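>>> Predicted model follows, preceded by the sequence.
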Amino acid sequence: MSKPFLSIERLTQQYPDGQGGTLTVFENASFGIEKGEFVCILGHSGCGKSTIMNILAGLAEPTSGVVKMDGFAVSGPSLDRGVVFQNYSLLPWLSALKNVTFGIKARYPSWSADKVEAHARDFLAKVGLEGDVVYRKPSQLSGGMRQRVSIARAFANHPKLLLLDEPFGALDALTRGTIQEELLKIWSGTEQTVFMITHDIDEAILLADRILLMTNGPFARVAESVEITIPRPRSRTEIVEHPNYYAIRNHLVQFLGQRSKELAGQQSDVPDQRPETVRIDVSETETATEGSAPPPLRAVNT
Ligand SMILES: Nc1ncnc2c1ncn2[C@@H]1O[C@H](COP(=O)(O)OP(=O)(O)OP(=O)(O)O)[C@@H](O)[C@H]1O
Ligand SMILES: [Mg+2]
């Protein structure tokens, strides 16, 4: 089997626990992401999602293990990987517009200043920031606006891999819906690969090809990879009508409510912790020939 675009191999992260001991956040986590895939990761607060993302971004070194992108080990940040941080991380001395043009100039050094600015304005407009607001500095923007600048900045650079840490957390429901749809448009027209952390189950089902489920820490595991068996294009109002929607949703809720805790804190001696693939497709059950035994609701291949 060929190697995936992004390959996470036996990643372990430990920190001092502040009391002279060691906190193992996760151990020997291994999974792959294919080129062009949209993968969301769900797990309780503190299980290690941002830690994994910072390692994928090349901003943190794992205690052990390796991340490979296109076959090369990730070390240090790169313009091929765009990050939207949980806390936005804008440059406070630059306006919203300059926060976006800054990265575009580095990515496309041959572009004229006019072209860079037009491109930045285009992406700011996609996230609903137009007019005078683009001249404001981060301290003069609301939390939701800052988050949108951060999203525009990452998307405008067309990175091969987009790493999004709860990118819509500070947005009201209405803006969130619009920007989710904008993200799907941007992503579907490209070969970009997306790895996104979210706490919102419905958002994950709307956006993802697969959802990775993490157990609680310490010794957290990426326990399952749940396929979203709902065809694209998807819209928020229509996916809820799909027969698989509630079956998938219930599975995720059940995992986060119960199994993530049951599986927590279990140290394992397996050298390679890979998630099991979960495929839920009740539409297959519905179309099964009458009288024949329905296929199982949950097909698991390891
Ligand atoms: N620099 C650090 N030093 C010590 N412990 C750390 C450090 N960074 C993170 N941790 C610990 O590692 C664990 C995972 O943190 P992380 O930020 O990855 O969680 P998360 O899943 O992103 O949570 P949230 O959903 O709240 O953002 C937590 O227990 C946290 O306290
Ligand atoms: Mg986090």
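Yes, it's here. Numbers count the residues shown, from 1 in each chain. Ligands and ions are numbered 1, 2, ... in the order given.

>>> what comes into contact with the one helix or strand residue 119 maps to?
Per DSSP states H and E, residue 119 falls inside helix 113-126. Contact with helix 113-126 is made by 96-97, 100-101, 104-105, 108, 111, 130, 134, 148-149, 152-153, 155-156, 182, 186, as judged by Cβ atoms under 8 Å, 6 or more residues apart in numbering. Backbone N, C-alpha and C define where each C-beta goes, glycine included.

>>> Name the SS class of the residue in the stretch 201-302 of the chain positioned nearest to ligand 1, please.
For the stretch 201-302 of the chain, the residue closest to ligand 1 is residue 217, as judged by Cβ to the nearest ligand atom, at 5.9 Å. Assigned state for residue 217: coil (three-state reduction, DSSP: H, G, I helix; E, B strand; the rest coil).

>>> thinking again about what came up before, helices - which of the contacts of helix 113-126 land there?
The helices, defined by DSSP state H, take in 96-97, 100-101, 104-105, 148-149, 152-153, 155-156, 182, 186 from the contacts of helix 113-126.

>>> Buried ones among those residues?
Buried members of those, counted by 16 or more other Cβ atoms under 10 Å: 96-97, 100-101, 104, 148-149, 152-153, 155-156, 182, 186.

>>> out of those, which touch ligand 1?
The subset of these lying close to ligand 1, counting by Cβ under 6 Å from any ligand atom, is empty.

>>> ok, now how distant is the nearest residue to residue 107 once chain neighbours are set aside from residue 237?
Nearest residue to residue 107, sequence neighbours excluded (Cβ to Cβ, 6 or more residues apart in numbering): residue 157, at 4.6 Å. Note on residue 157: its distance to residue 237, by Cβ to Cβ, to the nearest Å, is 32 Å.

>>> Comparing those two, which residue is more hemmed in?
Legend: neighbour count by other Cβ atoms under 10 Å for residue 157 and residue 237, higher for residue 157 (20 against 8).

>>> dump the residue contacts of the more buried one.
By Cβ under 8 Å, 6+ apart, the contact set of residue 157 is 79, 82, 103, 104, 107.

>>> just residue 91 next, same as before
98, 99, 102, 138.

>>> Residue 45 now?
Going by Cβ under 8 Å, 6+ apart, residue 45 touches residue 199.

>>> Show the pLDDT at it.
At residue 45, the pLDDT value in this model is 95.

>>> what do you get for residue 174?
Listed pLDDT for residue 174 reads 89.

>>> At the contact with ligand 1, which residues of the stretch 51-200 of the chain appear?
Residues of the stretch 51-200 of the chain found near ligand 1 (Cβ under 6 Å from any ligand atom) are 51, 86.

>>> let's see 8 Å
Counting by Cβ under 8 Å from any ligand atom, the positions of the stretch 51-200 of the chain adjacent to ligand 1 are 51, 52, 53, 54, 86, 165, 166, 197, 199.

>>> pLDDT-wise, what's the bottom of the residues you listed?
Lowest pLDDT of these: residue 86, 85.

>>> Look up the closest residue to that residue, ignoring the ones flanking it.
Closest to residue 86 by Cβ to Cβ, 6+ apart is residue 165, at 4.2 Å.

>>> and the contacts of residue 91, which are buried?
With burial judged by 16+ other Cβ under 10 Å, the buried subset of these is 98, 99, 102, 138.

>>> Quick check: residue 272 touching residue 30?
Yes - when contacts are counted by Cβ atoms under 8 Å, residue 272 is listed as touching residue 30 (4.9 Å).

>>> where do the contact lists of those two overlap?
The contact sets of residue 272 and residue 30 overlap at 9, 10 (Cβ under 8 Å, 6+ apart).

>>> Neighbour count: those two, which is higher?
Between residue 272 and residue 30, residue 30 has the larger neighbour count (other Cβ under 10 Å), namely 17 against 9.

>>> Could I get the contacting residues of that one?
8, 9, 10, 11, 272, 273, 274.

>>> before we move on, back to that, show me which pair in the contacts of residue 91 is furthest apart.
Taking Cβ to Cβ, the two most distant members of the contacts of residue 91 are 102 and 138; they sit 12.7 Å apart.
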